[in-house]
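Undergrad: take this sequence and fold it.
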Amino acid sequence: VTINSTGASYAYSLNFTGSSSNDSIVGCVLNVPNSTNYYHQNIYASVGSSNENIVIMNNEINNGYFGIYWNGSSSVGTRNINVSGNTFNNFYYYGTYFYYVNGWKFNNNVLNARSTAGYGMTMYNYLTPSVPEPSECNGNKIYGINPSYGAAMYIYYPHGYLSSTLATKSKMTNNVITVVGSNYSYAGIYIFYPSNADFLNNSVSHTNTNTSGYAAYIYASYSPYNNNSVRNNAFINTGGGPALYYYAPSGTGNTSDYNNLYASGSTLAQINGTNYANYPALRAGVASLGYDQNSISYNAGFTNANTD
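TA: I've put the predicted structure just below:
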């Protein structure tokens, strides 16, 4: 199915309202105008109090200010939304924007940004459930983000669940991200308040030349933001900013190791508020924490900022 929405003021290919649940969008081509209009959104949702089990899979989603704009209920959030295998092309500012979601999957998508795009994917988790439902963000490719106070992958509250009888962690793995341009960049990967989450095998090329930007920024301030693992990633910043910001000063079970951290500027990484200029200084400075004792610092040499 191909849907062309051509409205000048408002253009939605699909509009979800009320208590939309148990719905699937599979194998479609969705087109809205190639414009800068905020109200050009291929998939738009402002949903009600009971909303769950949504599948958006194997679609081609073209143009728009947003590829997907999804605003879940502030009382319960949207549960079990699966966005997988889609290709997002030529979005003006957001590839996807999800607010108040829980137990989501965002896997194996390709996001090809317009040169103006500030965010690739954005997820803001809903945290009221007594047992958080883990999130998945695996195998995505996000190309050509040129942030203006934005990030290629922006996730708030990715929480897994850990108890004496059950351990199910949120997973952010095997993603490939490129950040370009010179606008103010937060980071390639920007994570706030994770708990029981794994960040593994991700590759970030940050060539954006605003030196305030990080290849990866992970903020796990204080308890209860515990049991996060940052391992086997390549965080490469050749734009002058640091490779990694990691702040987890008092949580337990937080780790970082076996990463490739490279920065062309004067600061390689900032860990718990301290700047480290190079890998020997980093390794010595965080030895008491056990962080990055087996990491390396090498320019991985991404061949093209708009592909992997």
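
Undergrad: skipping adjacent residues, who's closest to the residue most central in space within the chain in space?
TA: Taking C-alpha atoms, centre = their mean, the centroid of the chain lies closest to M153, which sits 2.3 Å from it. Spatial nearest neighbour of M153, excluding adjacent residues (C-beta to C-beta, 6 or more residues apart in numbering): I189 at 4.8 Å. C-beta here means a position set from N, CA and C on the backbone, and glycine is covered the same way.

Undergrad: swap in Y119?
TA: Leaving aside its sequence neighbours, Y119 sits nearest to G150 (C-beta to C-beta, 6+ apart; 4.5 Å).

Undergrad: tally of neighbours for that neighbour?
TA: Using other C-beta atoms under 10 Å, G150 has 23 other residues around it.

Undergrad: against Y217, how distant is it?
TA: In this view, G150 and Y217 are 12 Å apart by C-beta to C-beta, to the nearest Å.

Undergrad: quickly list what's touching both of the two.
TA: Counting by C-beta atoms under 8 Å, 6 or more residues apart in numbering, the contacts common to G150 and Y217 are Y186.

Undergrad: what separation do you get for V76 and Y39?
TA: Noted for V76: a distance of 26 Å to Y39, by C-beta to C-beta.

Undergrad: apologies, that question was intended for N51.
TA: Applying C-beta to C-beta, the value for N51 to Y39 is 22 Å.

Undergrad: sorry, back to before: contacts only, for the residue nearest to Y119.
TA: Taking C-beta under 8 Å, 6+ apart, we find G150 in contact with 93, 117-119, 185-186.

Undergrad: now swap in N138 and tell me
TA: The contact partners of N138, by C-beta under 8 Å, 6+ apart, come to 107-108, 171-175.

Undergrad: and stretch 137-144, end to end?
TA: Distance between the two ends of stretch 137-144: 19 Å, counting by C-alpha to C-alpha, to the nearest Å.

Undergrad: point out where the stretch 51-200 of the chain drops to low pLDDT.
TA: For the stretch 51-200 of the chain, the stretches with pLDDT under 70 are 127-132, 162-167.

Undergrad: if you set the cut-off to 80 instead, what comes out?
TA: Regions of the stretch 51-200 of the chain meeting the criterion pLDDT under 80 cover residues 73-76, 126-132, 161-167.

Undergrad: run the chain-centre distance for stretch 199-210.
TA: 11 Å (C-alpha atoms, centre = their mean, to the nearest Å).

Undergrad: list the buried ones in that stretch?
TA: 199-210 (16 or more other C-beta atoms under 10 Å).

Undergrad: same check on stretch 238-250?
TA: 238-248.

Undergrad: burial of G48, as a residue count?
TA: A count of nearby residues for G48, using other C-beta under 10 Å, gives 15.

Undergrad: what's the nearest residue to it once chain neighbours are set aside sitting at in phi/psi?
TA: Leaving aside its sequence neighbours, G48 sits nearest to S19 (C-beta to C-beta, 6+ apart; 4.3 Å). Main-chain torsions, S19, degrees, to the nearest 10: phi -100, psi 60.

Undergrad: wait, S19 sits on S46?
TA: No: with contact defined as C-beta atoms under 8 Å, S19 does not count as touching S46 (11.9 Å).

Undergrad: and these two? Which one has more around it.
TA: Taking neighbours as other C-beta under 10 Å, S19 and S46 compare with S46 leading, 15 against 12.

Undergrad: what residues are bridge-paired with the nearest residue to that one once chain neighbours are set aside?
TA: Excluding its sequence neighbours, the residue lying closest to S46 (C-beta to C-beta, 6+ apart) is N71, at 4.8 Å. N71 forms beta bridges with S46, Y99, as assigned by DSSP bridges.

Undergrad: show me the contacts for N71.
TA: By C-beta under 8 Å, 6+ apart, the contact set of N71 is 45-47, 99-100.

Undergrad: so which of these is the most crowded?
TA: Neighbour counts for the contacts of N71 peak at A45, which has 24 neighbours (criterion: other C-beta under 10 Å).

Undergrad: out of the buried residues of stretch 238-250, which are inside strands?
TA: Members of those lying in strands (criterion: DSSP state E): 244-247.

Undergrad: which among these gets closest to G64?
TA: Nearest to G64 among these, counting by C-beta to C-beta, is Y245 at 31.1 Å.

Undergrad: who does the closest one form a beta bridge with?
TA: Residues in beta-bridge contact with Y245 (DSSP bridges): Y217, Q270.

Undergrad: quick check: the gap between it and W70.
TA: 28 Å.

Undergrad: same thing with A11?
TA: Here A11 is placed at a distance of 17 Å from W70 (C-beta to C-beta).

Undergrad: so after the helix or strand hosting G188, what's the next helix or strand?
TA: Here G188 sits within strand 185-192, counting by DSSP states H and E. Following strand 185-192 in sequence order, the next helix or strand is strand 197-200 (DSSP H and E).
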